[in-house]
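Sequence plus the predicted model coming up.
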Number of protein chains: 2
Amino acid sequence: MSAQSIFAPAQIGRAGEDIAMQLEAAILGEKILPGERLPSERELQTQFQCGRGVIREAIRALKQKGLVETRKGAKGGAYVKNIEMTNVGESLALFLKQQRVAPGHIVEFRESIDRVIVVLAIARASAAEKQALVAETEKLLEILKGEPPDRDSLARQDQILNISLAKMSGNPIFEWVMTAIQQGFSSHDYALYDDPEYCRKTVENWYVTALRIAENDPMKALNSISAHYGLLHRCVEKQKAEAESIPSDGG
Amino acid sequence: MSAQSIFAPAQIGRAGEDIAMQLEAAILGEKILPGERLPSERELQTQFQCGRGVIREAIRALKQKGLVETRKGAKGGAYVKNIEMTNVGESLALFLKQQRVAPGHIVEFRESIDRVIVVLAIARASAAEKQALVAETEKLLEILKGEPPDRDSLARQDQILNISLAKMSGNPIFEWVMTAIQQGFSSHDYALYDDPEYCRKTVENWYVTALRIAENDPMKALNSISAHYGLLHRCVEKQKAEAESIPSDGG
DNA sequence: TTTATTATTTGGTAGTACCATTCACCTGCT
DNA sequence: AGCAGGTGAATGGTACTACCAAATAATAAA
């Protein structure tokens, strides 16, 4: 009943934007909580005193932002949901693609983040969490034993490890940033796992790193991280060189 | 003339999504370059064999992603543009707001990022850029001389400094992260500038940091950064304590 | 009580009409 | 010729109506 009179008609030039903003404000201001629904399009139409198309466009914008999801049928409508990391990641991925951010930059960023994460994780994560991390790396070793190793599984497990580690930092922002970067970079990551040599070394390095973390040895863990990204960096350089020497298949 | 037959009618359940995806693919695939226009809504309507509302919603989604901007009138339409960092930042900012991240976490994250940025900036930025940074901090000093200092200007200049510094790292991802974090937490930053003591110290610290960077002295610069965030952290704690002792005015 | 049918709600789509804005073009005056 | 002002066309923005498809609720039938 709270969402009946909180909206103003607001009929200026770009009414759609205005309505989208009002709805967004209502959501962020927790006038409408996650799980609840916005009034139906036809109700909003009367509340805002405008056409239904405008309402639809506004809701479309919210949907794009990940603020709501829509369902059809009775009891359908625009349901407020918690924003997921994937929305942020998608957005970043778009940016990275269009701006042609060099893989080297991404590697550099990830390394710098990871170094901080490792130190925080050692200081804050419980022994159980650290052991769990080691267990996850052992899974990675298992996957590597396959003949041939399943690249898809490797990449997925690698992402899981990165996220787990980020979680152990005790600071959610690291986790989110890592998730976003991984989404934006996933295509490259896959490519890197094509190199069997890089692949093997990386997996081994993950294992060592996890052990160092479990042993609460930050300096050695940082060394492992550096080694990891050293590998990654060389691999990126190598792929770049190859891409330049074979400039075929382009559009 | 290339954008006439590249779209398929594609009339399945959620046609809007489909059309948005096709348009997005066309843009990312560089079928339509930045600065160019999408066909008009009415043209797309005939190409996709659907109603104009659907087209409008699809374009609305692209607009929300920051892929296009629309203009009215003759020669108007949806123009492809380069994605700006603020668009990506908005997405993250939204997420951070909804997740109610503790200010302490943000301070921690920003410090860790800033430490890396400073080192990179010293190594990579030109002498001119470093001098420019010093000049910007001097502006901050000027603002501080006002009686009373204009908090709004201070906060804005502080943001400019952070972004400038991030830019000097030579890695656009740091710039993005800094932009995004600032967007998400401008409110906190403003609050911090309410404390005149913190304000003065911070400004002075910025100046010292810029000088250290200009002198290419990474260790001292890092010390300044630590001092900066030490201040910030104490200020956040103080405000948190105050907020807890005065639990009024809440929703 | 369970199952099948019907009605209702609600988002999704199509189409039309009209308005406001912007630009290209043309007219007419100087 | 050159400039001022008007005119018209293109285009996004809005309103409205009608209908479809899906999902739920209410009702009837077994």
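Good, I have the coordinates.

Confirm for me that A:Pro39 is in contact with A:Gln47.
Yes - contact criterion C-beta atoms under 8 Å: A:Pro39 and A:Gln47 qualify, at 6.7 Å. Any C-beta I mention is one placed from the backbone N, CA and C, and that applies to glycine too.

Skip the chain neighbours and tell me the closest residue to the one residue in the stretch 101-250 of chain A that gets nearest to DNA strand C.
Among the residues of the stretch 101-250 of chain A, A:Gln183 lies nearest to DNA strand C; the distance is 24.4 Å by C-beta to the nearest atom of the strand. Counting by C-beta to C-beta, 6 or more residues apart in numbering or on different chains, A:Gly89 is the residue found nearest to A:Gln183 once chain neighbours are left out, at 3.1 Å.

what residues are up against the one you found?
A:Thr179, A:Ala180, A:Ile181, A:Gln182, A:Gln183, A:Gly184 (C-beta atoms under 8 Å, 6 or more residues apart in numbering or on different chains).

Just flag the most distant two among these.
A:Thr179 and A:Gly184 (9.8 Å; C-beta to C-beta).

more neighbours, the two?
Per other C-beta atoms under 10 Å in any protein chain shown, whichever of A:Thr179 and A:Gly184 has more neighbours is A:Gly184, with 23 against 20.

Run a quick neighbour tally on the nearest residue to A:Gly66 once chain neighbours are set aside.
Leaving aside its sequence neighbours, A:Gly66 sits nearest to A:Asn87 (C-beta to C-beta, 6+ apart; 3.5 Å). For A:Asn87, the tally of surrounding residues (other C-beta under 10 Å) stands at 19.

So A:Asn87 belongs to a strand, correct?
No - applying DSSP: H, G, I helix; E, B strand; the rest coil, one finds A:Asn87 to be helix, outside a strand.

ok, it to A:Gly104 distance?
27 Å (C-beta to C-beta, to the nearest Å).

Let me see the backbone angles for A:Asn82.
phi -70, psi 140 (degrees, to the nearest 10).

can you tell me the helix or strand for the closest residue in space to A:Val116 that isn't next to it in sequence?
In space, and not counting its chain neighbours, A:Val116 is closest to B:Ser112: 4.2 Å by C-beta to C-beta, 6+ apart. Per DSSP states H and E, B:Ser112 falls inside helix B:103-124.

name the helices or strands packed onto whatever helix or strand comes next after that helix?
Counting by DSSP H and E, the next helix or strand C-terminal to helix B:103-124 is helix B:127-145. Packed against helix B:127-145 by the contact rule (3 or more C-beta pairs under 8 Å, 6 or more residues apart in numbering or on different chains; DSSP states H and E) you find helix B:151-168, helix B:196-214.

Check which residues of helix B:127-145 are buried.
Going by neighbour count (16 or more other C-beta atoms under 10 Å in any protein chain shown), the buried part of helix B:127-145 is B:Glu129, B:Lys130, B:Ala132, B:Leu133, B:Glu136, B:Thr137, B:Leu140, B:Ile143, B:Leu144.

May I see those organised as JSON lines, with pLDDT added?
Shown next, in JSON lines, are the buried residues of helix B:127-145 (pLDDT from 0 to 100):
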{"residue": "B:Glu129", "pLDDT": "97"}
{"residue": "B:Lys130", "pLDDT": "97"}
{"residue": "B:Ala132", "pLDDT": "97"}
{"residue": "B:Leu133", "pLDDT": "97"}
{"residue": "B:Glu136", "pLDDT": "95"}
{"residue": "B:Thr137", "pLDDT": "96"}
{"residue": "B:Leu140", "pLDDT": "91"}
{"residue": "B:Ile143", "pLDDT": "89"}
{"residue": "B:Leu144", "pLDDT": "87"}
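
Near DNA strand D, which residues of chain A are found?
Within chain A, the positions near DNA strand D by C-beta under 7 Å from any atom of the strand are A:11, A:13-16, A:49-54, A:57, A:71-76.

Which of those fall in helices?
Judged by DSSP state H, those include A:Ala15, A:Gly16, A:Arg52, A:Gly53, A:Val54, A:Glu57 as members of helices.

any weak-confidence spans in chain A?
Scanning chain A for pLDDT under 70 picks out A:1-13, A:186-192, A:247-251.
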